[in-house]
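1. The following comprises the amino acid sequence and a computationally predicted model.
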Amino acid sequence: FIARVGGDEFVVLLPECASHADARAVADVLQAGLDAGQAPSPFTRIGVSIGVACCPADGSDAETLLRHADADMYAVKHRRHRAPAF
């Protein structure tokens, strides 16, 4: 299930994911697909950062899970911006 929460924020529900690692693997596939779908351009590049939260490990209500996913998204974004560009 994919829903737009607002602006440029989306939520993907993965009821079959058994672990944080499984959810991260799905996020990585989404990330790769979004990156691959872009035309190469030195002027325009769309960046995507995906945060992951799992129930019940990261919370059991929507507000708490969204807060954890948001924090994870900012951690991913921070790691991506620190990575050397090739």
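-> The structure has been received and is ready for your questions.
2. Look at Arg4 and tell me its secondary structure.
-> What DSSP: H, G, I helix; E, B strand; the rest coil gives for Arg4 is strand.
3. which non-adjacent residue is nearest it?
-> Excluding its sequence neighbours, the residue lying closest to Arg4 (Cβ to Cβ, 6 or more residues apart in numbering) is Phe10, at 5.4 Å. To be clear about C-beta, it is placed using only N, CA and C from the backbone, and glycine gets the same treatment.
4. Check the contact between that neighbour and Ala27; I expect there is one.
-> No. Using Cβ atoms under 8 Å as the test, Phe10 is too far from Ala27 to be in contact (11.5 Å).
5. neighbour count winner among these two?
-> Ala27 (21 against 13; other Cβ atoms under 10 Å).
6. so what's that one scoring on pLDDT?
-> Note on Ala27: pLDDT of 91.
7. which residue ranges form the helices in this protein?
-> Along the chain, the stretches classed as helices by DSSP state H are 20-36, 62-82.
8. Save these as a markdown table, and put in distance to Ala3 too.
-> Listed next are these as a markdown table, based on distance: least, Cβ to Cβ, whole Å:
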| stretch | distance to Ala3 |
| --- | --- |
| helix 20-36 | 14 |
| helix 62-82 | 11 |
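9. any weak-confidence spans in the chain?
-> Where the chain drops to pLDDT under 70, the residues are 38-39, 45, 83-86.
10. center of this structure - which residue?
-> Central residue of the chain (Cα atoms, centre = their mean): Ile50, 1.3 Å from the mean position.
11. Please report phi then psi for it.
-> phi -120, psi 120 (degrees, to the nearest 10).
12. pretty sure it is in contact with Ala75, am I right?
-> No. If you go by Cβ under 8 Å, Ile50 and Ala75 don't touch, sitting 10.9 Å apart.
13. What count of nearby residues applies to Asp35?
-> Asp35 has 12 neighbours, counted by other Cβ under 10 Å.
14. which residues sit in contact with it?
-> Counting by Cβ atoms under 8 Å, 6 or more residues apart in numbering, Asp35 makes contact with Val48.
15. What's the separation between it and Gly59?
-> 29 Å (Cβ to Cβ, to the nearest Å).
16. Now tell me what touches stretch 72-86 from outside.
-> So stretch 72-86 is contacted by 47, 49-53 (Cβ under 8 Å, 6+ apart).
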